[in-house]
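[1] 3D, please:
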Amino acid sequence: MKRVTGLSISSHKRPPWGWALSGALLGLLIVLLAAAPARWLASAVARGTAGMVQLQDSQGSMWSGSARLVLAGGEGSQGSTALPGRVHWRLGPSGLGARARVTADCCTPGTPLDLQVAPRWGGVRLKIADSRTQWPASVLTGLGTPWNTVQPQGELTMSTQGLSVEWLAGRTTMEGGVEITARHMSSRLSTLQPMGTYRIKLAGGDTPLLDLTTVEGALRLSGQGQWVGSRLRFTGEASAAAGMEAQLANLLNILGRRQGDKAIISLG
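    Numbering: from 1, shown residues only. You can find the predicted model right below:
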């Protein structure tokens, strides 16, 4: 009995090699993750967006870093456009997902963007805290057709309220809303500068709805759209204010199918 007891006590004091190895590996994993370079995040963003959003010249770590934000048309696209200045982020865990605070030198006056990403079975959910940001319209050129043809110039002011987007099994759903005011817009296809100011409203629901209206200007735009699955279907029209038909003729021909003095816009 004494020998058995002694062996029992001795084996209890001596930690099993399996536990020691597991602890060492866990510690190594924590160290590697803590020191993960910013390029790991850049690679993940590029893969997740099929190359349409790129973080180039990344510096710092995956958790606290900066990079140049570049928009591109995706696989096979020849063009891209970089946002002025740099984008900075701080990333950390939040429940089963992650939370990021993002600032852009050019575009987030005062308050960083607060983003939360959470995994879903077969998808992902993105939540954006209420915010107001300003972006140069020229950055859209990098997304390819039709933006690389129109080459828009102007300022985009974006406000979000209660916004969350979920991608699940190839379907996009949205809650909350987004309002974008496109101010003093112009294009290389027209000598008229600026052409106008426009408002785009996106309202959430099982089928998110989009509404385009003209605030002011010689180019009159209007239309409605909705997301079906993950694709936008939009129908609208463009026309020129009285006396401005000649200056806007080229642009109207490209925007859509001509029907008298209007151009019918159809996407999706």
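
[2] Quick one: the helices in the stretch 51-200 of the chain, in order.
    For the stretch 51-200 of the chain, the helices defined by DSSP state H, counting those that start in this stretch occupy 147-150.

[3] In the protein, where is pLDDT below threshold?
    1-35, 74-78, 230 (pLDDT under 70).

[4] Give me the most central residue, it.
    Closest to where the C-alpha atoms of the chain average out (Cα atoms, centre = their mean) is Val53, at 7.6 Å.

[5] so what's it closest to, chain neighbours aside?
    Val45 (5.7 Å; Cβ to Cβ, 6 or more residues apart in numbering). For glycine as for every other residue, the C-beta is placed from the backbone atoms N, C-alpha and C.

[6] chain center to the strand or helix carrying the one you found, what's the gap?
    Counting by DSSP states H and E, the element that carries Val45 is helix 38-48. Computed by Cα atoms, centre = their mean, to the nearest Å, the chain-centroid distance of helix 38-48 equals 14 Å.

[7] residues touching the residue nearest to the centre of the chain, list them.
    Under the criterion of Cβ atoms under 8 Å, 6 or more residues apart in numbering, the neighbours of Val53 are Val45, Ala46, Leu69, Val70, Leu71, Ala72.

[8] from those residues, which single one is nearest Val117?
    Val45 (11.4 Å; Cβ to Cβ).

[9] Share the number of residues neighbouring that closest one, please.
    17 (other Cβ atoms under 10 Å).

[10] ok, it to Gln54 distance?
    Val45 is 7 Å from Gln54, where distance means Cβ to Cβ, to the nearest Å.

[11] With Gly268 as the reference, measure out to the residue nearest to Val53.
    For Val45 relative to Gly268 (Cβ to Cβ), the value is 25 Å.

[12] Then Thr149?
    According to Cβ to Cβ, Thr149 and Gly268 sit 18 Å apart.

[13] ok, now Gly60?
    According to Cβ to Cβ, Gly60 and Gly268 sit 39 Å apart.

[14] So for these two, which sits in the more crowded spot?
    Neighbour comparison, Gly60 and Gly268: the larger count goes to Gly60, with 16 against 12 (by other Cβ under 10 Å).

[15] Which strand residues bridge the more buried one?
    For Gly60, the beta-bridge partners are Gly65 (DSSP bridges).
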